[in-house]
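*Asks:* Requesting a structural model of the entry that follows:
(one chain, ligands or ions: 2)
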Amino acid sequence: MYNSTIKPKKGQCVDCPEGSENFLTAGRCSYHYKIHRANVNGGPKKIAKRSKKGQKEDRQYTIKRLQFLAQPGNQRCFVEGCNNRADTVEHTAGRWGSNYLDESTWKPCCNYHNLEFERNSELSEKYQVSKISGKQKIIKR
Ligand SMILES: [Zn+2]
Ligand SMILES: [Zn+2]
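*Replies:* Ligands and ions are numbered 1, 2, ... in the order given. Got it, this is the predicted structure:
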């Protein structure tokens, strides 16, 4: 029968160095018990691995991106008043789904503005097409 008044037992945690004494849960100290449970549950949460399809898209993207930025009309950042060299692609409709590889939603962008778009929501709103298309913009994939 379950007895909630049971006091934790002290003893040697199976993962601790020999000779240490801790309150044990299922043979482990609270620290190692947590690690143990995390491992049992499939380990620490990993950043979602890219699917096979995603990996293929990444390879396509790498190539398309270079071709895109090599085009004569895409040499400069598309942001008004910015004349920096475009080193990156700005996904004006987000990076999700087919937009990821859809060059019609891409704009050439300098490194500075690429960062600015992530942290400056006003600028982002001005240039993102998500409002027009009515599609929700999702940066994380
Ligand atoms: Zn331990
Ligand atoms: Zn720029």
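*Asks:* Which of the three states applies to the nearest residue to K9 once chain neighbours are set aside?
*Replies:* In this structure, K9 finds its nearest non-sequential neighbour in L24, 5.4 Å apart by Cβ to Cβ, 6 or more residues apart in numbering. Quick note: C-beta positions are derived from backbone N, CA and C, even for glycine. Following DSSP: H, G, I helix; E, B strand; the rest coil, the label given to L24 is strand.
*Asks:* check contacts around L24.
*Replies:* P8, K9, K10, G11, C13, Y33 (Cβ atoms under 8 Å, 6 or more residues apart in numbering).
*Asks:* For those, give me CSV that also has pLDDT, distance to H91 and neighbour count.
*Replies:* Output for those, formatted as CSV (pLDDT from 0 to 100; distance: Cβ to Cβ, whole Å; neighbours: other Cβ atoms under 10 Å):
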residue, pLDDT, distance to H91, neighbour count
P8, 66, 53, 11
K9, 80, 56, 10
K10, 90, 57, 11
G11, 94, 56, 15
C13, 93, 49, 21
Y33, 93, 44, 19
